[in-house]
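> let me see the structure of the following:
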Amino acid sequence: MNVTRGFTGRPRVDNPGLPPGQYDAGDDWPVLSAEVTPDLSPADWSFRIDGLVERPHIWDWDAARALPGSSYEGDIHCVTSWSKFGVRFGGVSLDAFFQVVRPHGSATHAIAYSHTGYSTNLPLADLTGGRAWIAWEYDGTPLAPEHGGPARLLVPHLYFWKSAKWIAGITLLDHDEPGFWERNGYHERGNPWEEQRYSGD
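All right, here's what the predicted structure looks like:
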């Protein structure tokens, strides 16, 4: 893992808005990645949903941005113990993409994967109902490449490794399959309020 800012050893503050074991990163946004940041322009970006859907579909940059816009304002939490409060992301709710592809009733889980090959698994229920986005803006400006730009998955109610950077697609399945970090000892779901950091937590 490449880490461009230190984040360990910070004091924990008694804050009811912090999940257990977390600290408030304030204005910092530590940059962590399992891979080298790709040189990926909006013109080269695409997003696909396939698997257990009626109509697999691929969106290019313009087609994705033509969908109804949506935003998230709230908090994010990283498994490495930092949290950020009051962040603002802009993009499109995953619900809008799912309306196009029409998931089968048998679909229960998803694998999200990046243009770099990174992957992470999620229950489908964590991606629907206004709980997840494809995001390309942060605080009103284009999402920086080191934070997943031009577009990333955003699943803010789970630890942030589930919000795959440089998102390329989602495959819907009728079973769970581990992604990159899940194969390397991380928890299958990653709920910060239950401190689900590692397998067995």
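
> spatially central residue in this structure, please.
Central residue of the chain (CA atoms, centre = their mean): Ser163, 1.2 Å from the mean position.

> isn't that one up against Leu153?
Yes. At 5.1 Å, Ser163 counts as touching Leu153 under the criterion of CB atoms under 8 Å. No exception for glycine: its C-beta is placed from N, CA and C like everyone else's.

> coming back round to it: any idea how far the residue nearest to the centre of the chain lies from Pro30?
14 Å (CB to CB, to the nearest Å).

> for the protein, what spans make up the strands?
2-3, 23-24, 32-33, 46-51, 57-60, 70-77, 82-93, 109-114, 119-123, 133-138, 141-142, 152-154, 167-173 (DSSP state E).

> low-confidence ranges in the protein?
Flagging of the chain using pLDDT under 70 yields the residue ranges 1-16, 201.

> which residues does the residue lying closest to Ala168 once chain neighbours are set aside contact?
Sequence neighbours aside, His115 is the residue nearest to Ala168 in space, at 4.4 Å (criterion: CB to CB, 6 or more residues apart in numbering). By CB atoms under 8 Å, 6 or more residues apart in numbering, the residues touching His115 are 38, 40, 45, 166-168.

> most neighbours, which of these?
Within those, most neighbours by other CB atoms under 10 Å means Ile167, with 25 neighbours.
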